[in-house]
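*Asks:* missing the sequence, but the structure's below:
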């Protein structure tokens, strides 16, 4: 897609008020310029400061004399490009006006909000799982076939059976649920989002599947004889409060046979860069979509922002979403699951290679019900 980025960078104010915040904004500027054409608005005083900084030569610093000149350039950019992404100090929330997206330049979410609140409460209202649910499968860069085969391989390895009853926790639109059902597993898939379950039934239905709307922290089914449960793709990490995760563990325990398997899969957050920014483009028929993804990692927390630009048969749509996830260590998982499960294996990818904290792509934990 044709996307141009405009940045109104109040450099002097940031340097004086918050040096760390300024450095993070400067890092964002350099990273986004490796993806899109970037024009940076600055006063003459700020332009001189830019020249002394380590700014990518891909950034076009434009000296602005007055507000009228700036507004004219924004209008011209909107007429020449499909989308304009305009970052500016003073904007509080990301919003759309025609084909211009106005966004705060400082993208980090406020972690202080979650001192006593689970990230799950935030995730419940993510547009990604509701308003955007119809397009969810278009956003994925995952190899669902490989991931489902991994699950089937684990079932065979640890239970010594080829098929049985499995529980897909936080199943989303059912991409794993469907492939497991096609492989003759009896699958119950559940999610807290009614929209995700609606689309699961629409796109990934199968006679071997039962889809339900339930909260992972407190689900209750009449059937208590599941052989295996799994929670894929950094989803259990929304359960940021230890008590939340323990409730999830106990709920699975109460629905499994003795010796049953629980698989927890997440991105290996400890080995990730503190700040990443990248994009993905999808085109299928008359549908086009580009996603700009921004991620921050601080200790065991990852905060992400998603800018989704869509052209659906000529109808333009835009979505913005953000999220927090918490990474759990092996030691923490052992403490939380103690008395219910034991850790029997860890993997660093879906090829079943050994997990290495400093280099593995994923952190996959296999637990056996006691």
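*Replies:* Alright, I've got the coordinates. Every value quoted in this text rests on a predicted model; they were computed, and no experiment measured them.

*Asks:* what's stretch 105-116 in contact with?
*Replies:* When contacts are defined by CB atoms under 8 Å, 6 or more residues apart in numbering, stretch 105-116 is touched by residues 7-9, 21, 24-25, 28, 87-89, 91, 122, 240, 294, 296, 298, 301, 303, 305, 322, 324. Every C-beta, even on glycine, is put in place using the N, C-alpha and C of the backbone.

*Asks:* If we use 6 Å, what do you get?
*Replies:* Outside of stretch 105-116, the residues that reach it under the criterion CB atoms under 6 Å, 6 or more residues apart in numbering are 25, 87, 89, 294, 296, 303, 305, 322.

*Asks:* Compile those residues into TSV and extend it with columns for pLDDT, secondary structure and neighbour count.
*Replies:* Putting the contacts of stretch 105-116 into TSV (pLDDT from 0 to 100; DSSP: H, G, I helix; E, B strand; the rest coil; neighbours: other CB atoms under 10 Å) gives the following:
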residue	pLDDT	secondary structure	neighbour count
25	83	helix	21
87	95	strand	25
89	83	coil	15
294	98	strand	20
296	97	strand	22
303	98	strand	19
305	97	strand	20
322	95	strand	17
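
*Asks:* Out of these, which is nearest to residue 176?
*Replies:* The shortest gap between residue 176 and any of the contacts of stretch 105-116 belongs to residue 322, at 24.6 Å (CB to CB).

*Asks:* Leaving out chain neighbours, which residue sits closest to that closest one?
*Replies:* Residue nearest to residue 322 in three dimensions, not counting chain neighbours: residue 305, with 4.7 Å by CB to CB, 6 or more residues apart in numbering.

*Asks:* and what of residue 144?
*Replies:* Among residues not flanking residue 144 along the chain, residue 175 sits closest, at 4.7 Å (CB to CB, 6+ apart).

*Asks:* burial count for that neighbour?
*Replies:* The tally of other residues near residue 175 (other CB atoms under 10 Å) stands at 24.

*Asks:* pLDDT score assigned to it?
*Replies:* Here the pLDDT value assigned to residue 175 is 97.

*Asks:* So it is in contact with residue 146, correct?
*Replies:* No: under the criterion of CB atoms under 6 Å, residue 175 is not in contact with residue 146, lying 11.8 Å apart.

*Asks:* Below-threshold pLDDT in the stretch 51-200 of the chain: ranges please.
*Replies:* Counting by pLDDT under 70, the stretch 51-200 of the chain has no low-confidence residues at all.

*Asks:* Which residue ranges of it form helices?
*Replies:* Assignment of helices within the stretch 51-200 of the chain using DSSP state H, counting those that start in this stretch yields the ranges 67-80, 119-123, 144-159, 175-182, 194-203.

*Asks:* Who are the packing partners of the last one?
*Replies:* This means helix 194-203. Helices and strands touching helix 194-203, by 3 or more CB pairs under 6 Å, 6 or more residues apart in numbering; DSSP states H and E, are strand 209-213.

*Asks:* other SSEs contacting the strand it packs on?
*Replies:* Contacts defined by 3+ CB pairs under 6 Å, 6+ apart place strand 209-213 against strand 186-191, helix 194-203.

*Asks:* any residues touching the last one, and which ones?
*Replies:* Where contact means CB under 6 Å, 6+ apart, the residues beyond helix 194-203 that reach it are 129, 130, 133, 172, 173, 174, 191, 211, 213.

*Asks:* Check stretch 321-336 too.
*Replies:* Applying CB under 6 Å, 6+ apart, the external contacts of stretch 321-336 come out as 109, 119, 126-128, 234, 237, 240, 245-246, 269, 300-306, 343, 365.

*Asks:* Can you report how many residues lie near the closest residue to residue 128 other than its chain neighbours?
*Replies:* Computed as CB to CB, 6+ apart, the closest residue to residue 128 that is not its neighbour in sequence is residue 321, at 4.8 Å. The burial metric for residue 321, expressed as a neighbour count using other CB under 10 Å, is 19.

*Asks:* Please apply the same query to residue 215.
*Replies:* Here the count is done by other CB under 10 Å, and residue 215 has 16 residues near it.

*Asks:* Check the gap between the residue of the chain most remote from its centre and residue 233 for me.
*Replies:* Going by CA atoms, centre = their mean, the residue of the chain most distant from its centre is residue 65, 39.9 Å out. According to CB to CB, to the nearest Å, residue 65 and residue 233 sit 49 Å apart.

*Asks:* list the contacts for residue 370?
*Replies:* The neighbours of residue 370, taking CB under 6 Å, 6+ apart as the test, come to nothing; the list is empty.

*Asks:* Tell me how far it lies from residue 262.
*Replies:* Taking CB to CB as the measure, residue 370 and residue 262 are separated by 11 Å.

*Asks:* Then residue 44?
*Replies:* From residue 44 over to residue 262 the distance is 61 Å, taken as CB to CB.

*Asks:* Assign residue 23 to helix, strand or coil.
*Replies:* helix (DSSP: H, G, I helix; E, B strand; the rest coil).

*Asks:* Tell me the confidence at it?
*Replies:* In this prediction, residue 23 carries a pLDDT score of 82.
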